[in-house]
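Asks: sharing a model that was predicted from the sequence below.
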Amino acid sequence: MTDFARAVQDILAAGQRMDARGWVPATAGNISRKLDDGRIALTRSGGHKGFLQAQDIITVDANGKPHRPEDRPSAETLLHCQIYQMDPTAGAVLHGHSVASTVLSMVETGPALYLSDYEVLKVFEGQSTHATTVPVPLFDNDQDIARLATVVAPSFGAMPAGYIIRGHGVYVWGKDMPTALARLEGLEFLLACALERRKLGV
Ligand SMILES: CSCCC(=O)C(=O)COP(=O)(O)O
Ligand SMILES: [Zn+2]
């Protein structure tokens with residue numbers, strides 16, 4: 001099996017898993033996987049990410065240019081390319097639109113959400129104890145993705161859990177698809193906990 005064929009399998013399975021958890025409503029979300037030759041396999045723009053088929057996965061270069069000019073890659077391709085560029089260890093990127101990330105990022109007006117004292121924090125890079133605080137940067141949403149990328153850029157290096165676009169959703173990555181999925185599950189679990197605590201007022 002080729003690396004591209006494996007990447008297609010990874011992306012289809014990730015889409016189904018994210019859909020099962022309610023993180024990719026309607027046509028929301030996008031998913032990518034870096035290939036051994038440096039190309040990026042990612043989802044086409046539009047379509048439900050829980051029902052992806054092999055033909056819904058295309059390849060772009062490191063700048064987001066599709067290898068086949070007729071292909072229309074995800075509208076957020078540049079954010080995927082930026083992550084691969086800023087973190088050379090990244091092998092997969094996941095973007096979802098969960099209720100918790102959407103609501104919390106609109107309620108919190110500061111520059112970040114802070115997650116403290118949860119055992120699950122250990123799912124993130126470099127974390128070995130619950131007794132810590134992990135910041136999740138918040139960036140205002142922008143339909144100009146290139147401009148949004150320039151706003152996100154200075155925060156790379158300080159984002160062990162990924163980041164959130166306000167009122168939009170999360171970006172998470174990892175060295176491979178299983179690692180990216182584990183981090184997404186960890187972050188979404190913690191955001192759900194934070195949302196519950198806000199509802200309880202504790
Ligand atoms: C209805 S979701 C709006 C677009 C978006 O935020 C998204 O994640 C999906 O865009 P894509 O072009 O990757 O399908
Ligand atoms: Zn989105």
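Replies: Received the coordinates, thanks. Ligands and ions are numbered 1, 2, ... in the order given.

Asks: just the strands in the chain please.
Replies: For the chain, applying DSSP state E gives strands covering 30-34, 40-43, 57-60, 92-96, 112-116, 133-139, 163-165, 169-174.

Asks: got a list of what the closest residue to residue 141 other than its chain neighbours touches?
Replies: What sits nearest to residue 141 in space, not counting adjacent residues and going by Cβ to Cβ, 6 or more residues apart in numbering, is residue 168, at 4.6 Å. Where C-beta positions appear, they are placed from N, C-alpha and C, glycine not excepted. Contacts were defined as Cβ atoms under 8 Å, 6 or more residues apart in numbering; by that measure residue 168 touches 97, 102, 105, 141.

Asks: can you list those in CSV and add distance to ligand 1?
Replies: Shown next, in CSV, are those (distance: Cβ to the nearest ligand atom, whole Å):
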residue, distance to ligand 1
97, 6
102, 11
105, 13
141, 9
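
Asks: which residues of the chain lie near ligand 1?
Replies: 26, 27, 28, 29, 30, 43, 45, 46, 74, 75, 76, 95 (Cβ under 6 Å from any ligand atom).

Asks: out of those, which is nearest to residue 172?
Replies: For the residues of the chain next to ligand 1, the closest approach to residue 172 (Cβ to Cβ) belongs to residue 95, at 7.9 Å.

Asks: and the strands of the chain as TSV, adding mean neighbour count?
Replies: Conversion of the strands of the chain to TSV gives the following (neighbours: other Cβ atoms under 10 Å):
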stretch	mean neighbour count
strand 30-34	28
strand 40-43	25
strand 57-60	22
strand 92-96	29
strand 112-116	17
strand 133-139	19
strand 163-165	25
strand 169-174	25
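
Asks: alpha carbons only: can I get the longest helix seen in the chain in CSV?
Replies: Counting residues, the longest helix found in the chain (DSSP state H) is helix 177-200. C-alpha atoms of helix 177-200 as CSV (Å, rounded to 0.1, in the frame of the first residue of the first chain):
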residue,chain,number,x,y,z
MET,A,177,-2.8,10.5,13.2
PRO,A,178,-3.2,8.4,16.4
THR,A,179,-1.3,11.1,18.4
ALA,A,180,-3.3,13.9,16.9
LEU,A,181,-6.6,12.1,17.6
ALA,A,182,-5.5,11.4,21.2
ARG,A,183,-4.7,15.1,21.7
LEU,A,184,-8.0,16.1,20.2
GLU,A,185,-9.9,13.7,22.4
GLY,A,186,-8.0,15.0,25.4
LEU,A,187,-8.6,18.6,24.6
GLU,A,188,-12.3,18.1,23.9
PHE,A,189,-12.7,16.2,27.1
LEU,A,190,-11.1,19.1,29.0
LEU,A,191,-13.1,21.7,27.2
ALA,A,192,-16.3,19.8,28.1
CYS,A,193,-15.2,19.7,31.7
ALA,A,194,-14.5,23.5,31.6
LEU,A,195,-17.9,24.1,30.1
GLU,A,196,-19.6,22.0,32.7
ARG,A,197,-17.8,23.9,35.5
ARG,A,198,-18.9,27.2,34.0
LYS,A,199,-22.5,26.0,33.9
LEU,A,200,-22.2,24.9,37.6
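
Asks: go ahead and flag the most central residue of the protein.
Replies: A centroid search over the chain (Cα atoms, centre = their mean) returns residue 171, at 2.6 Å, as the residue closest to the centre.
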